[in-house]
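Enquirer: A predicted structure for the sequence below; I have some questions about it.
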Amino acid sequence: MSKVMIMDHPLIQHKIGIIRRQETGSKDFRQLISEIAMLMCYEATRDLKLTDVEIETPISKMTAKELAGKKLAVVPILRAGLGMVDGMLSMIPAAKVGHIGLYRNEETLEPIEYYCKLPKDCAEREVFVVDPMLATGGSATAAITMLKNKGVKKIRFMCIVAAPQGIERMQKEHPDVDLYVGALDDHLNENGYIVPGLGDAGDRIFGTK
Ligand SMILES: O=P(O)(O)OC[C@H]1O[C@H](OP(=O)(O)OP(=O)(O)O)[C@H](O)[C@@H]1O
Ligand SMILES: O=c1cc[nH]c(=O)[nH]1
Ligand SMILES: [Mg+2]
């Protein structure tokens, strides 16, 4: 069964409180999504493996540490996931970036795929899939299935606000994928929006409503 890590860092909680407010405009919303992604990336990379490496400082030789294991990639689910990429890259600047385009059909809530461009060597990388919202879980599970079909073996999923239903679906369909969640909310409303949530993340990031 996958691990679910709900963020308890005060800075993350404070910033999520601001993006939830309906009066927060696109400029601040975008900036805060990026800051939250950066802080969540810091927390979600705590268990990356290190290896010893012999180096020379200007003063002497020493055994330093460097990241071991698979190289990393960040894969945002378009559109809203784009808002998290800068924050992720500020922590892991050498990561490659893939893009998966999905939108939810407003009636059926089923994800519709419209784009997929991944790094050539993505199967050899550890992938962080990012999307601010995990609602029914349809988009995240579909994106992860697409990555697995391309041969990706090690995947983590990061979202800022999740509904219990989405977490349940992810754990059922992808029990090997650990989940990093900024805040776990109460339920979904009849339109598939997270309650209390923050509204439509894509529209708020890009000012399309
Ligand atoms: O868990 P789900 O029920 O699939 O809902 C979550 C998805 O819905 C939103 O995207 P949306 O379809 O609004 O597309 P957008 O990012 O282009 O606005 C959000 O960014 C997720 O991708
Ligand atoms: O609450 C929700 C649910 C899906 N997508 C969003 O952007 N917000
Ligand atoms: Mg949207």
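Expert: Received the coordinates, thanks. Ligands and ions are numbered 1, 2, ... in the order given.
Enquirer: Neighbours of residue 67, how many?
Expert: In terms of burial, residue 67 registers 14 neighbours under the definition other C-beta atoms under 10 Å. From N, CA and C alone the C-beta is placed, and that goes for glycine too.
Enquirer: Run through the bridge partners of it.
Expert: Beta-bridge pairing of residue 67, defined through DSSP bridges, involves residue 50.
Enquirer: For it, list the residues it contacts.
Expert: Contacts were defined as C-beta atoms under 8 Å, 6 or more residues apart in numbering; by that measure residue 67 touches 48-51.
Enquirer: Show the average pLDDT along the lengthiest helix in the chain.
Expert: Criterion DSSP state H: the longest helix present in the chain is helix 26-44. In this model, helix 26-44 carries a mean pLDDT of 98.
Enquirer: counting contacts, what elements does that helix pack onto?
Expert: Other helices and strands packing on helix 26-44, by 3 or more C-beta pairs under 8 Å, 6 or more residues apart in numbering; DSSP states H and E, are helix 10-20, helix 85-91, strand 125-130, strand 154-162, strand 178-184, helix 201-206.
Enquirer: So for ligand 1, which of these sits nearest?
Expert: Evaluated with C-beta to the nearest ligand atom, the helices and strands packed on helix 26-44 place helix 201-206 nearest to ligand 1, the distance being 2.3 Å.
Enquirer: Can you tell me the closest non-neighbouring residue to residue 65?
Expert: With C-beta to C-beta, 6 or more residues apart in numbering as the measure, residue 50 is the residue that lies nearest to residue 65, at 4.5 Å, once sequence neighbours are left out.
Enquirer: Residue 63 versus the one you found, what's the distance?
Expert: Here residue 50 is placed at a distance of 11 Å from residue 63 (C-beta to C-beta, to the nearest Å).
Enquirer: what about this structure, any weak spots by pLDDT?
Expert: By pLDDT under 70, the chain has no low-scoring segment.
Enquirer: The most centrally placed residue in the chain and residue 137: what is the separation?
Expert: In the chain, the residue lying closest to the centroid (C-alpha atoms, centre = their mean) is residue 130, at 2.3 Å. Distance, residue 130 to residue 137, by C-beta to C-beta: 15 Å.
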